[in-house]
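# Let's see this in three dimensions:
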Amino acid sequence: MRTALIPALFIITLTGLARAAEEPPVEWIDPDTGHRVVRLSSEPRTSSLYFHQNAYSRDGSRIIATTSDGGIATINIATREIKKIVPGRVMVLVTGRKTGDVYYTRRAERGAEATVYAANLDTGVERKITTIPGNVNLGSLNCDETLLLGTRIPGPPAPRPPPNASGRPDLRANLAIARSGPPRELVTISTATGDIKVVHTEREWTNHIQFSPTDPNQILFCHEGPWHEVDRLWTVRADGTGLTKIHTRTMTMEIAGHEFFSGDGKTIWYDLQTPRGEDFWVAGYEIATGKRTWYHMERDNWSVHFNVSPDGKLFAGDGFDEKGVSRATNGHWIWLFRPELVPDRAVDKSALADNLITPGVFKAERLVNMSKHNYRLEPNLTFSPDMKWIIFRSNMHGATQVYAVEIAKSETAK
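Okay, here's the model as predicted:
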């Protein structure tokens, strides 16, 4: 009997060792960069939010993450304490900048009406905000939490075209559906009354909608589709005034996109390529003045998403592999960028100079080796509010987890 137990115990031991081997590391110093990386999440299929969604508590100590069941949890960045806030499958919008509550929707199925809720990050207590029709898709919340932002398509939802050969959405097919169907509406919804107001109407694929982090009436949106075939970047006020195209293409195959606000809401930043896949910039547009600043980068530095620190002094990118638009040979890194302006050495600074682009360059530093990451999952990095960490999602160890890399290089690696 004792002999019969030995193989069973041996198998159990091996199974336990195998499971331990599969468990991703909790913390390590990246040997290629010298920066400390920590795993914030403990449950596989935990994910951080999209790169321009506000995902932090008001005091900056916690980040919002989606859990394996589609619910919402908070993760304390310093202690890594995880607290489940909302169970079940929901769609997260943002963390409100005024109350600090997380906003989200529940919808039984595509095309059905959705209910908007907000939950307190400390208590988990949920409150109902409003109910929206099935043909409204929400994307943002303004900074004083008085307006939700969404798109509305009259009539039943159009069938989704099949993905392209790479498994991603077919941009051209979706754009054709938008342009041939009924006009699409950009709408606001009052959080107090549920009233819906139309801000803008167009026969374009209106997407990537977001409110300014500081101006409750400033909206940024895009015309989605193949980037070299659309005028992508637009702003408009919440009352429908001030429609402005932010970037005008000057050459064939020029692309601009993945736009986002600076932390102070004064500048719109975006990925710019002149032309596509050849010359790479992060471009900025100052809303009040129209002044433009372009930072140039090397091919390997191009990233699927960029972001800027809350104080505007640093940028970051999540890299990509050799299959990306940049055709990079060594681009699979989490990048930190220190921007440097090119000095204006002109003796005669004429009035024309006020209308010229201010050029600069990115000085790049590698933070995390992402060679084992499958970029079918976009890392979607953000700076922590205290600007000590860059937080991202990755499948580098198998299942999706949330990670953070320390911006300062580890003392042990210096």
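# in the stretch 101-250 of the chain, what spans have low per-residue confidence?
Applying pLDDT under 70 to the stretch 101-250 of the chain flags the ranges 157.
# sec struct for residue 117, please.
At residue 117 the chain is in strand, as set by DSSP: H, G, I helix; E, B strand; the rest coil.
# Run through the neighbouring helices and strands of the helix or strand encompassing residue 73.
When elements are assigned from DSSP states H and E, residue 73 belongs to strand 72-76. Where contact means 3 or more C-beta pairs under 8 Å, 6 or more residues apart in numbering; DSSP states H and E, strand 72-76 is packed against strand 62-66, strand 82-86. Every C-beta, even on glycine, is put in place using the N, C-alpha and C of the backbone.
# quick one, longest strand in this protein?
Counting by DSSP state E, the longest strand found in the chain is strand 358-369.
# List the contacts of the helix or strand just after that one.
In the C-terminal direction, the helix or strand that comes right after strand 358-369 (DSSP H and E) is strand 382-383. With contact meaning C-beta atoms under 8 Å, 6 or more residues apart in numbering, strand 382-383 is reached by 48, 51, 55, 307-310, 314, 316, 389-392.
# Which residues does stretch 70-90 contact?
Residues beyond stretch 70-90 that count as contacts (C-beta under 8 Å, 6+ apart) turn out to be 38, 40-43, 46, 57, 61-67, 69, 92, 102, 104-106, 117, 119, 121, 124, 126, 384, 389, 391, 402, 404.
# Of the residues you listed, grab the buried ones for PyMOL.
This is how PyMOL selects the buried members of the contacts of stretch 70-90, with burial counted by 16 or more other C-beta atoms under 10 Å:
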select buried, resi 38+40+41+43+46+57+61+62+63+64+65+66+67+92+102+104+105+117+119+121+384+389+391+402+404
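# okay, now residue 125: neighbour count?
Residue crowding around residue 125 was assessed by other C-beta atoms under 10 Å; the count is 10.
# Let me fix that, I meant to ask about residue 165.
Count around residue 165 with other C-beta under 10 Å applied: 6.
# Then residue 272?
Other residues near residue 272 number 22, with proximity taken as other C-beta under 10 Å.
# Can you tell me the SS state at it?
strand.
# Looking at strand pairing, list the partners for it.
Counting by DSSP bridges, residue 272 is bridged to residue 256, residue 281.
# residues contacting it?
By C-beta under 8 Å, 6+ apart, the residues touching residue 272 are 247, 254-256, 280-283, 294.
# just to revisit the earlier point, from the contacts of strand 382-383, which is closest to residue 412?
Among these, residue 389 lies closest to residue 412 (C-beta to C-beta), at 17.5 Å.
# quick one: which helix or strand includes the residue nearest to the closest one when sequence neighbours are not counted?
Spatial nearest neighbour of residue 389, excluding adjacent residues (C-beta to C-beta, 6 or more residues apart in numbering): residue 404 at 4.4 Å. Using DSSP H and E, residue 404 sits within strand 401-406.
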